[in-house]
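Visitor: Predicted coordinates and the sequence they were generated for:
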Amino acid sequence: MNGQDAADIDLMTEISTLYYVQGETQEAIANRLGHSRVRIGRLLKRAQAEGIVDVRVRLHPAVSVEIEQELKRRFGLRRALIALDNADPDVQRSSVASLVADHLSRSLTDGQIVAVGMGRNVAAVADNVFLAESLKVSFVCAIGGSLRAGEHMNPDHICRRLASRFGGDSETLYAPALVQSGELRDALYENSTVRQTLDRARRADTALIGVGDVSEDSNMVRMGWFSAQEIAEARLSGTVGDMMGYDFIDIHGKPSATQMQGRVVGLNIQDLTRIPDVIAIASENTKAVGILGALRTGVIDTLATSVTNAHTILRLDEATKGEVRA
């Protein structure tokens, strides 16, 4: 960093403090610091872009508490993190992820282990971590990697980014996420390196997992894991989603009868039941049915999603209660 960059950062920090913390107007700041009002406005925007300022809009507490309490009551959750709706999917994902990042910042302590899944929602958590002090936390891959997923969505990359933001270390699972058969997966589980990492992930205090939907436009199809035909057949068999790309479930939270089961290398639902805080993250409005199925497995402790998804999940649960009891 050169001297000019450092000076700009100091100036942006001072301006942001005056504007956001002390409540001064841009005009008053311009007069105080001897800059034009236009320059002050540009520096405030740049401060947001460079992460000096983190502006977040949250639900009114009365609205938030009502939704959260109903989700907790229905599904036995410990907490629900509900973000305001946004038409921009990237902004929506970031809003949900920021709530998870805040929760982790408050709850993680030195020496803990976090098992990390894959996908855009999990990856977005690292982008929204703003922590003043570093922690000694281990982030361990809970699923294998995939070249087609791209670096940003791969659990190894996500673990390393989380470790750099929170502090601590990361551990890679040296195995592919998807293999040709259940037999090959079981053989990989016998490998000492794979077994060691998965055993450590099973001892995690927290797990970050995504919830997938079953559609021809899903990440699994885009990554080439499954064909559109396989997805269509899975839907016909009652599959509504997946947890962490591993367990395919129906709307009742039961394992679905699909040929796609049993080929992903990573933690499964039984493993997740032993982790104290399993955080499921899903921002897309296409995932409400999949989220409902995931909630009905009983393994999720913290749900992070949007207002629209929260309301849709509650309505779907009410509409399908008779089916679940049947």
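Guide: On my side now, so go ahead.

Visitor: Would you tell me which helix is longest in the chain?
Guide: helix 89-107 (DSSP state H).

Visitor: so what's the residue most central in space within the chain up against?
Guide: Taking CA atoms, centre = their mean, the centroid of the chain lies closest to V122, which sits 3.1 Å from it. V122 is in contact with V116, P155, I158, L208, I209, G210, I281, counting by CB atoms under 8 Å, 6 or more residues apart in numbering. (C-beta placed from N, C-alpha, C; glycine too.)

Visitor: What separation is there between it and V211?
Guide: Look at V122 and V211: by CB to CB, to the nearest Å, they are 10 Å apart.

Visitor: who touches both of those two?
Guide: Joint contacts of V122 and V211 (CB under 8 Å, 6+ apart) are I281.

Visitor: Where do the helices of the stretch 101-250 of the chain begin and end?
Guide: Remark: helices assigned in the stretch 101-250 of the chain by DSSP state H, counting those that start in this stretch are 120-127, 155-166, 182-189, 192-202, 219-222, 228-236.

Visitor: can you list those helices in JSON lines and add distance to G34?
Guide: Output for the helices of the stretch 101-250 of the chain, formatted as JSON lines (distance: least, CB to CB, whole Å):
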{"stretch": "helix 120-127", "distance to G34": "35"}
{"stretch": "helix 155-166", "distance to G34": "36"}
{"stretch": "helix 182-189", "distance to G34": "65"}
{"stretch": "helix 192-202", "distance to G34": "55"}
{"stretch": "helix 219-222", "distance to G34": "51"}
{"stretch": "helix 228-236", "distance to G34": "61"}
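
Visitor: Columns distance to M244 and mean pLDDT on top of the ones you listed, output as TSV?
Guide: Shown next, in TSV, are those (distance: least, CB to CB, whole Å; pLDDT from 0 to 100):
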stretch	distance to M244	mean pLDDT
helix 120-127	9	93
helix 155-166	9	94
helix 182-189	15	92
helix 192-202	11	97
helix 219-222	12	64
helix 228-236	16	76
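
Visitor: okay, and for the chain, where does confidence drop off?
Guide: 1-4, 55-64, 132, 147-151, 215-225, 245-246, 322-326 (pLDDT under 70).

Visitor: can you tell me which strand in it is longest?
Guide: strand 206-213 (DSSP state E).

Visitor: Just give me how far that strand sits from the chain centre.
Guide: Relative to the chain's own centre, strand 206-213 is displaced by 6 Å; criterion: CA atoms, centre = their mean, to the nearest Å.

Visitor: Parallel or antiparallel, list what pairs with that strand.
Guide: strand 113-116 (parallel), strand 241-243 (antiparallel), strand 277-281 (parallel) (DSSP bridges).

Visitor: Out of those, flag the one nearest D127.
Guide: strand 277-281 (12.7 Å; CB to CB).

Visitor: next structured bit after that closest one?
Guide: Next along the chain after strand 277-281, taking DSSP states H and E as the criterion, comes helix 288-295.

Visitor: quick one: that following helix to strand 206-213, angle?
Guide: With axes from the mean of the first three to the mean of the last three CA atoms, to 10 degrees applied, the angle from helix 288-295 to strand 206-213 works out at 140 degrees.
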